[in-house]
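# Sharing a model that was predicted from the sequence below.
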Amino acid sequence: MSNDGFHVPDAGNSLSPECGSDTDRASIFAEPSLNRRLLLKSAIAATIGAEAVAGPQAAAQRAAPGAPVGAPGAHNAEKAAPLNKRTIGFMLGHEQFTGPQLLEIGESAARAGFGLLATSDHFQPWQTNEGHSGLAWVTMGALGARSGNSWIGTTVTCPTLRYNPAVVAEAFASLSLFYPGRVFLGVGSGEALNELAATGQWPKWQERWDRLIEAIGIIRALWTGEAVHHKGKYYTVDARLYDPPAQPIPLLTAANAKKSMRLAGRYGEGLVTDPETWKQYKAEWEGGAREVGKNPADMPVLIEQYAVVGDANEARAAAELWRFGPKAFKGYQDIPDPGTIQQRAHSEIPLEKVLSSWAIGSDPAVHIQKLQELFDSGATIVNIHTGQADQKRLLDFYGTDVLPKFK
């Protein structure tokens, strides 16, 4: 089948878990068959259709001052709020901080009341001056026990080259056993600074998305816990997960352009994107979802929003670290060297352009208005990303002056 002139691989019957006789075997590809749709419908309902709960503020309020939000054995006491309900998240930038630093930042974010903690998943930083690039999965494993009932997950993991999709399925299933009902997986088609740099491979856009679609199907199939026999165009899997997820794991797909937005709607259970792409191509994503019988209104939409609590100088210092942003997926995704990306961003992107969409300042109204605009546009999750060195300043400010407005 094809959409807008680009090829989407046919589901076929190449990916089928054993469910008894041959007549009981349902194809479980990324675009679900009828049987798979029923399974996914019940899984998504269990994950995001539950009634709203008190939220992370309740757990934070009960915690003793200075004590971890999630004491050992306590992190499963409450459910995380459903991902299709309005949630304010916080971005843990592995490009800018070490894993141990992010553990402390993430715990503070949960205590402040952020309902979701997302993390980048990179082999290298986008720019050399960011200075770090730890393994996200390790940080999440440690963070879950110290982050109350906040969701934890990646925005995003590329499950196609640097990681085999079967290994991604196993890793997140294992993580979900520690933190049932709090783990999500964001996936995307990758960047050269990670995939090419680590593997020597960087196929064209079409192949990267064909790989991603096939990988999504493999991950979902393995998460059922049934035996999977798959021989596809790019991957062969003949195995099962002996420890499948404790509860369904929401799988969100990242997109940053027109074609990818439609594909993300078809093959993901939710979306990860930026404010500008959402504004321009929301209809493409919704159309892709409806084409395969899904209701976009039931699907989580995570939009990343940059913010700085401070003055213009602090904002400019933060923007120097994230200067690549306006062209991240308009050419820079094909560059494998962070130093080259930094040089090009410095010469091609004025700081004023970087800062034009950020929420900046110490007036709560500025930040509240930006959040409200994104929620009103259809986002269910606004993920706050700050490049400022003093992360605690923003966390304290939001915890006191911003998040309470959205309880």
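Nice, thanks for sending it over.

# so where do the strands sit in the stretch 151-300 of the chain?
Remark: strands assigned in the stretch 151-300 of the chain by DSSP state E, counting those that start in this stretch are 151-157, 183-187, 228-231, 236-239, 251-254, 271-273.

# can you redo those strands as CSV with mean neighbour count, distance to Ala328 and mean pLDDT?
Using the backbone N, CA and C atoms, a C-beta is placed for each residue, glycine as well. Shown next, in CSV, are the strands of the stretch 151-300 of the chain (neighbours: other CB atoms under 10 Å; distance: least, CB to CB, whole Å; pLDDT from 0 to 100):
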stretch, mean neighbour count, distance to Ala328, mean pLDDT
strand 151-157, 26, 12, 98
strand 183-187, 26, 15, 98
strand 228-231, 18, 32, 98
strand 236-239, 14, 31, 98
strand 251-254, 27, 11, 98
strand 271-273, 28, 12, 98
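
# Figure out which of these is closest to Asp298.
strand 271-273 (12.3 Å; CB to CB).

# tell me which strands and helices the closest one is in contact with?
The helices and strands touching strand 271-273, judged by 3 or more CB pairs under 8 Å, 6 or more residues apart in numbering; DSSP states H and E, are strand 251-254, helix 258-267, strand 301-308.

# Could you report the neighbour count for Ser347?
Residues lying near Ser347 (other CB atoms under 10 Å) number 7.

# check contacts around it.
By CB atoms under 8 Å, 6 or more residues apart in numbering, no residues touch Ser347.

# do Lys294 as well
Contacts of Lys294 by CB under 8 Å, 6+ apart are Gly265.

# Distance of it relative to Gly268?
9 Å (CB to CB, to the nearest Å).

# ok, back up a step: export the helices and strands packed on strand 271-273 to a markdown table and append columns for distance to Tyr163.
What follows is the helices and strands packed on strand 271-273, written out as a markdown table (distance: least, CB to CB, whole Å):
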| stretch | distance to Tyr163 |
| --- | --- |
| strand 251-254 | 14 |
| helix 258-267 | 18 |
| strand 301-308 | 20 |
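
# Out of the ones you listed, which one sits most buried?
When the helices and strands packed on strand 271-273 are scored by mean count of other CB atoms under 10 Å, the highest mean neighbour count falls to strand 251-254 (a mean of 27).

# thinking again about what came up before, is it possible to get TSV of the strands of the stretch 151-300 of the chain that adds distance to Gly113?
As requested, the strands of the stretch 151-300 of the chain are exported to TSV (distance: least, CB to CB, whole Å):
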stretch	distance to Gly113
strand 151-157	13
strand 183-187	19
strand 228-231	40
strand 236-239	41
strand 251-254	22
strand 271-273	22
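
# so which of those comes closest to Ser108?
strand 151-157 (14.5 Å).

# Can you list the strands that the closest one pairs with?
Paired neighbours of strand 151-157 in the sheet (DSSP bridges): strand 116-119 (parallel), strand 183-187 (parallel).
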